[in-house]
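[1] missing the sequence, but the structure's below:
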């Protein structure tokens, strides 16, 4: 079952059970997917979105929630931060399991050992090509910077 099909099945289940939060989050994700499909069609592509593009959309939504959580917590709004946290927990069900820091360190070391990169920008491109979707980009960036310093 594709990720989009899983979203649709979960949306139907949430609607039948009356779970407004889950159905709202899934609707928001499907709306973002539809917008991306429209954008892709207007660029001349008639192909459907690939799984990697769908995963990228979901990762962007999760990142928005994390940013909102930190903004609300620093702004003294724990009520809104809790709402965002509940939405983030729903979104994370559709993301692959994230790598731990130790796994990222070993992967970055192996990737950089195989490649012949000369600067930080090239290193990030090579590393993120392999780790996109599997690891947090901010953490990967931090680890790559440590390797270069």
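    Looks like it arrived, so ask away. The structure displayed is predicted, hence computed values, not measured ones.
[2] only C-alpha atoms for contact and neighbour calcs from this point on.
    Noted.
[3] measure residue 50 to residue 71 for me?
    32 Å (Cα to Cα, to the nearest Å).
[4] quick one: the helices in the protein, in order.
    3-17, 20-42, 51-74, 78-91, 101-114, 120-131, 137-148 (DSSP state H).
[5] in TSV, list these along with mean neighbour count and mean pLDDT.
    As requested, the helices of the chain are exported to TSV (neighbours: other Cα atoms under 10 Å; pLDDT from 0 to 100):
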stretch	mean neighbour count	mean pLDDT
helix 3-17	14	93
helix 20-42	16	92
helix 51-74	16	91
helix 78-91	16	94
helix 101-114	15	86
helix 120-131	16	85
helix 137-148	14	85
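[6] gap between residue 34 and residue 90?
    In terms of Cα to Cα, residue 34 sits 19 Å off from residue 90.
[7] try residue 83
    From residue 83 across to residue 90, the span is 11 Å (Cα to Cα).
[8] ditto for residue 118
    Between residue 118 and residue 90 the computed distance is 40 Å (Cα to Cα).
[9] tell me the domain boundaries of the protein?
    3-94, 101-148 (automatic domain parsing).
[10] ends of the first one, what's the gap?
    One end of domain 3-94 sits 7 Å from the other (Cα to Cα).
[11] same question, the shortest one
    Taking Cα to Cα, the span from the opening residue of domain 101-148 to its closing residue is 17 Å.
[12] spit out the contact partners of residue 4.
    residue 54 (Cα atoms under 8 Å, 6 or more residues apart in numbering).
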